[in-house]
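>>> quick one: sequence and predicted model below, then my questions.
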Amino acid sequence: MRRLRNVKIVATLGPASDTYDMIRALFEAGADVFRLNMSHGSHDEIRERHRIIRQIEQDVDRPIAILADLQGPKLRCGVFAGDSEELAEGQAFRFDLDPAEGDASRVCLPHPEIFQALKPGSTLLVNDGKIRVRVETCGADFADCTVVTGGTISNRKGVNVPDVVLPLAALSEKDRADLEFVCELGVDWIALSFVQRPEDVIEARDLVSGRAAVLSKIEKPAAVTAFDDILAVSDGIMVARGDLGVELPVQNVPPIQKRLVRGSRAAAKPVIVATQMLESMIDSPVPTRAEVSDVATAIYEGADAVMLSAESAAGSYPIEAVTTMNNVAQEIESDATYREIMEASRTAKRTSVADGIVSAAREIAETTDIKAICCFTHSGTTASLTARERPRVPILALTPFERTARRLCLTWGTNCHYSGDVQRFKMAVVGAARAARKGGFATEEDQIVVVAGVPFNVPGTTNILRIAPCEERLIFSTDPE
């Protein structure tokens, strides 16, 4: 089941995809990573989906990554005496801490942290931005506003505060309980919602304690502003365009997406482009032309992964959605323009021996008849640096660690294999050749590039490159060891 593309597909599981047969069908259609949305589903349901994925992983003999997406703090207004009210443009409206039922003039906003951060001129968005109000005066327990864009406001609608940094932690009490649960369960990635500052990520990393990789969702304007600092302390990035499109003018989102993808690529950290990629396929077996172009744009930008949300979790056509995304990816990556873009956007930054080694591996592979680049990696860094080069040939990531192989399933172009513990470079070359042949990447007549670090079992020592034949007899006859 070798993928004929480099970009990875993340599929969210939910009521439409919670059986063994369906999840396996999604994997066979092209899903590389499964997302468990902690906003929906009990711990028992999450545990069962995790069990099924690991069973499929064992049955297909191939690592599969699991991403647990934390909910983050949810900011919502209170309830109304009549369940809803109509707000007209220009009218006055108050948010306060009074728990009494709301009416046409006011409603409770049970988040004192918001009032601490507001100032005259600040904007509040309600119900995914459908209602917009401007703060005129405010205090520790109230905000008197003018309605800029009216509409229906109803019970417990979400509230966004786009132009201030809120004094709220990215992890709610629910998130902390969920985080501990999924770490004990054994997920590979944890997606952190409501990130505003690098300290939010550092706090989560401390709680995770190395049990999973931490991916920061960029969905707040403050996170866009602090992106470089957030990226530095994150293992990966998700461009969460849904909330970005609520809190920022929609025309701002495409250039932000491009900047975040390029920044993540330069840092050799995986980046997912997410939200509404094939939204119409929730109810339709075919996507719109605009959606196909949206997926194509993310692939042309060099994103590591594209993600399906409700399309695979709750839609009527989850397999068709994954198949469509897989087919679009294969078509785009076969386009000559795609290679031109990848090479034109490749970072030229080289600051270490490892950077030089993987760059040389890519250049050798592309200028000679090399079939694959085989990377021996403990932490995943060597494979990630190789993927940053966006080579034209396949990348085989060989590691003795199950955890590393699974995490690398999110990284562009990596085909992950368990190598067993390797002590000598000769045996690494033999193992690479066997993996290349077994995976259908090369035959005994072909050559591969092998990248590794000597001494073995020491992370961060990538320092050796060898062009090797795929025939074991030739490996042993030409190797001085």
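Done, it's in.
>>> where does the stretch 251-400 of the chain have low pLDDT?
348-349 (pLDDT under 70).
>>> list the beta-bridge partners for the residue nearest the centre of the chain.
Of all residues in the chain, the one closest to the mean position by Cα atoms, centre = their mean is Ile272, 3.6 Å from it. Under DSSP bridges, the beta-bridge partners of Ile272 are Met238, Ala305.
>>> that one reaches Leu308, doesn't it?
No - Ile272 is beyond contact range of Leu308, at 10.9 Å (criterion: Cβ atoms under 8 Å). The way it works is simple: take the backbone N, C-alpha and C, and place the C-beta from them, glycine included.
>>> quick check: closest non-adjacent residue to Asp294.
Met277 (5.9 Å; Cβ to Cβ, 6 or more residues apart in numbering).
>>> nope, Phe27 is what I meant
Nearest residue to Phe27, sequence neighbours excluded (Cβ to Cβ, 6+ apart): Ile56, at 6.0 Å.
>>> kindly report the same for Ser216.
Distances taken as Cβ to Cβ, 6+ apart put Ser234 closest to Ser216, at 4.2 Å, once the chain neighbours are dropped.
>>> figure out the helix or strand that the residue nearest to Asp294 lives in.
For Met277, there is no helix or strand it lies in under DSSP states H and E.
>>> so who does it touch?
Residues counted as contacts of Met277 (Cβ atoms under 8 Å, 6 or more residues apart in numbering) are 291, 294-295, 298, 306-308, 311, 325.
>>> format those as TSV; extra columns: distance to Ile9 and secondary structure.
TSV is the format used below for the contacts of Met277 (distance: Cβ to Cβ, whole Å; DSSP: H, G, I helix; E, B strand; the rest coil):
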residue	distance to Ile9	secondary structure
Glu291	15	helix
Asp294	14	helix
Val295	10	helix
Ala298	11	helix
Val306	6	strand
Met307	8	strand
Leu308	7	strand
Glu311	11	helix
Met325	5	helix
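>>> still on that earlier bit, Three-state assignment for the residue nearest to Phe27, please.
Per DSSP: H, G, I helix; E, B strand; the rest coil, the secondary structure class of Ile56 is helix.
>>> next one: it from Asp69, what distance?
Per Cβ to Cβ, to the nearest Å, Ile56 is found 20 Å from Asp69.
>>> looking at the two, which one has more neighbours?
Asp69 (28 against 18; other Cβ atoms under 10 Å).
>>> roughly how far apart are the more buried one and Ser309?
From Asp69 to Ser309 the distance is 9 Å (Cβ to Cβ).
>>> and Ile357, what is it in contact with?
Ile357 makes contacts with 451, 462-465, as judged by Cβ under 8 Å, 6+ apart.
>>> could you rerun that using 7 Å?
451, 462-463, 465 (Cβ atoms under 7 Å, 6 or more residues apart in numbering).
>>> which of the residues you listed count as buried?
The neighbour-count criterion (16 or more other Cβ atoms under 10 Å) marks 451, 462, 465 among the contacts of Ile357 as buried.
>>> got the contact list for the residue nearest to the second one when sequence neighbours are not counted?
Sequence neighbours aside, Ala354 is the residue nearest to Thr462 in space, at 3.8 Å (criterion: Cβ to Cβ, 6+ apart). Under the criterion of Cβ under 7 Å, 6+ apart, the contact list for Ala354 reads 382, 385, 462.
>>> for those, which one is nearest Cys108?
Cys108 has its nearest neighbour among those in Leu385, at 51.4 Å by Cβ to Cβ.
>>> which parts of the stretch 351-481 of the chain are helices?
Along the stretch 351-481 of the chain, counting by DSSP state H, counting those that start in this stretch, helices occupy 353-367, 381-388, 402-407, 425-438, 472-478.
>>> quick one: the second one to helix 353-367, angle?
Same thing as helix 381-388. Angle, helix 381-388 to helix 353-367, by axes from the mean of the first three to the mean of the last three Cα atoms, to 10 degrees: 50 degrees.
>>> show me what helix 381-388 packs onto, helices and strands only.
The helices and strands touching helix 381-388, judged by 3 or more Cβ pairs under 7 Å, 6 or more residues apart in numbering; DSSP states H and E, are helix 353-367, strand 370-376, strand 395-399.
>>> can I get those in a markdown table with distance to Lys157?
Formatted as a markdown table, these follow (distance: least, Cβ to Cβ, whole Å):
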| stretch | distance to Lys157 |
| --- | --- |
| helix 353-367 | 49 |
| strand 370-376 | 49 |
| strand 395-399 | 45 |
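>>> determine which stretch of the ones you listed is the most buried.
Comparing these on average neighbours per residue, with mean count of other Cβ atoms under 10 Å, the densest one is strand 395-399 at a mean of 28.
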